[in-house]
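Q: Have a look at this prediction, sequence included:
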Amino acid sequence: MQGGLRVVDMHTGGEPLRIVTAGYPPLPKGTILEKRAFVRDNLDHLRRLLMFEPRGHFDMYGALLVEPDLPDADLAVLFMHNEGYSTMCGHAILALGRYAIDEGLVAKTEPVTVVNIECPCGLVKAEVEVEGGRAGAVSFESVPSFLFASDCQVEVPGYGTIRLDIAYGGAFYALADCRQFGLEFGRDSVREFADAAAALTESAKAAVPLSHPDHADLAFLYGAILTDGGDGSGGHPTKNVCVFADRQVDRSPTGSGVTARLAAMHAKGEAAVGETRAFESIVGSRFEGSVARSTKAGNMDAVTVRVSGRAFYSGRAEFIVEEDDPLGAGFIVR
């Protein structure tokens, strides 16, 4: 492979983000969803090379910066993971907000610099705190998000009847209390949570057809979020774990998942506009979130959600493939 792929690695709340800075071939002009389709159909070998072993791992996550199509966007991004390409990623937005400041992609202003990031789900505004010239905490306001289906009951093989909500926060998630599966945070293993969440996702996919008012490409169930049943109020964070794509486990509280949870809470009268809630991941990292304002998604009642967290750098690298390397294209062992 000539030239190699250069990356900057970050993490937000423990969840990795591998930002591609060089090495991809030019993409044709078009909408962000058209770029997503082109990369999926023509350049997927580069995703596998970056996400899979020996350069990555089963739960690696990536971001490819592309030319924006929306006039107000400062940058545009395609998200990648172990299965393909998602439509929204909150932990990536939090990291990219800081990255854009540090790399001079937007002019730095104190105390807050706004970074407009075009995602496959739409334009997301990130606000980066800047003090003494250094970027710190980042917040973003989500695209219009909504509760799609409330208090559904599905049969999940091995677990019985499970009650769940399905909500959209830039991606669709099935939301369920983990206690229905006999699970408890801090007692049961991540593997047990992943097994239950993956089973819920498959059952919900079969039972609840999805649609999105903006584009059919957005209408797919990205994963499941198992919660402790709390609402994150009163200074008591609610724990959750998000399992998405091909059983990929999010180490962070999941930015788009926090968005979906708050959209569902608001629709059910459990969270008012402006109320701050705290969300905790399986590694103890936390995001804060609040319903920012009421809006519409097509004809559906929706909200935008504000999510806050911090991202940190973990490395820089250039990846190559030697011509006679039989495993150089990437593989997964799990």
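A: Nice, thanks for sending it over. Predicted model, so just to flag it, every value in this text is computed and none were measured.
Q: what comes up buried for the longest helix seen in the chain?
A: In the chain, taking DSSP state H as the definition, the longest helix is helix 190-207. Applying a neighbour-count criterion of 16 or more other Cβ atoms under 10 Å, one finds 193-205, 207 buried in helix 190-207. C-beta here means a position set from N, CA and C on the backbone, and glycine is covered the same way.
Q: And the next helix or strand past that helix?
A: Sequence-wise, the next helix or strand downstream of helix 190-207 (DSSP states H and E) is strand 221-227.
Q: quick check: angle from the longest helix of the chain to strand 221-227?
A: Orientation check (axes from the mean of the first three to the mean of the last three Cα atoms, to 10 degrees): helix 190-207 against strand 221-227 gives 130 degrees.
Q: Could you name the helices and strands sitting against helix 190-207?
A: For helix 190-207, the elements it packs on are strand 146-156, strand 160-168, strand 172-177, strand 221-227, strand 238-244, strand 248-249, judged by 3 or more Cβ pairs under 8 Å, 6 or more residues apart in numbering; DSSP states H and E.
Q: Centre of the chain to the fifth one, how far?
A: Mean-position distance between strand 238-244 and its chain equals 12 Å (Cα atoms, centre = their mean, to the nearest Å).
Q: dump the residue contacts of Glu67.
A: Applying Cβ atoms under 8 Å, 6 or more residues apart in numbering to Glu67 gives the contacts Leu27, Lys29, Ala76.
Q: and the first one, helix, strand or coil?
A: Under the three-state scheme (DSSP: H, G, I helix; E, B strand; the rest coil), Leu27 adopts coil.
Q: So for the closest residue to Pro213 other than its chain neighbours, what pLDDT did the model give?
A: Leaving aside its chain neighbours, Pro213 sits nearest to Gly298 (2.5 Å; criterion: Cβ to Cβ, 6 or more residues apart in numbering). Per-residue pLDDT puts Gly298 at 94.
Q: same thing with Met1?
A: Listed pLDDT for Met1 reads 48.
Q: again, but for the one 4 residues further on
A: The model reports Leu5 with a pLDDT of 96.
Q: burial measure for it, as a count.
A: Residues near Leu5, counting by other Cβ atoms under 10 Å, number 20.
Q: Go ahead and confirm Val303 touches His266.
A: Yes - using Cβ atoms under 8 Å, Val303 is in contact with His266, at 5.3 Å.
Q: Which of those two has more residues huddled nearby?
A: The residue with more neighbours, out of Val303 and His266, is Val303; 27 against 24, by other Cβ under 10 Å.
Q: secondary structure element for the more buried one?
A: Take DSSP H and E as the rule and Val303 turns out to sit in strand 300-309.
Q: Just the C-alpha atoms of the helix or strand following that strand, please, in PDB.
A: Per DSSP H and E, the first helix or strand lying C-terminal to strand 300-309 is strand 311-319. Taking Å, rounded to 0.1, in the frame of the first residue of the first chain, the C-alpha atoms of strand 311-319 are listed here in PDB:
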ATOM      1  CA  ALA A 311     -12.400  13.900  24.900                       C
ATOM      2  CA  PHE A 312      -8.700  13.200  25.200                       C
ATOM      3  CA  TYR A 313      -5.900  12.300  22.800                       C
ATOM      4  CA  SER A 314      -4.300   8.800  22.900                       C
ATOM      5  CA  GLY A 315      -2.000   8.700  19.900                       C
ATOM      6  CA  ARG A 316      -1.000   9.300  16.300                       C
ATOM      7  CA  ALA A 317       0.000   6.700  13.700                       C
ATOM      8  CA  GLU A 318       0.500   5.800  10.100                       C
ATOM      9  CA  PHE A 319      -0.700   2.400   9.000                       C
END
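Q: Adjacent strands (with direction) for strand 311-319?
A: Using DSSP bridges, the strands paired with strand 311-319 in its sheet are strand 5-12 (antiparallel).
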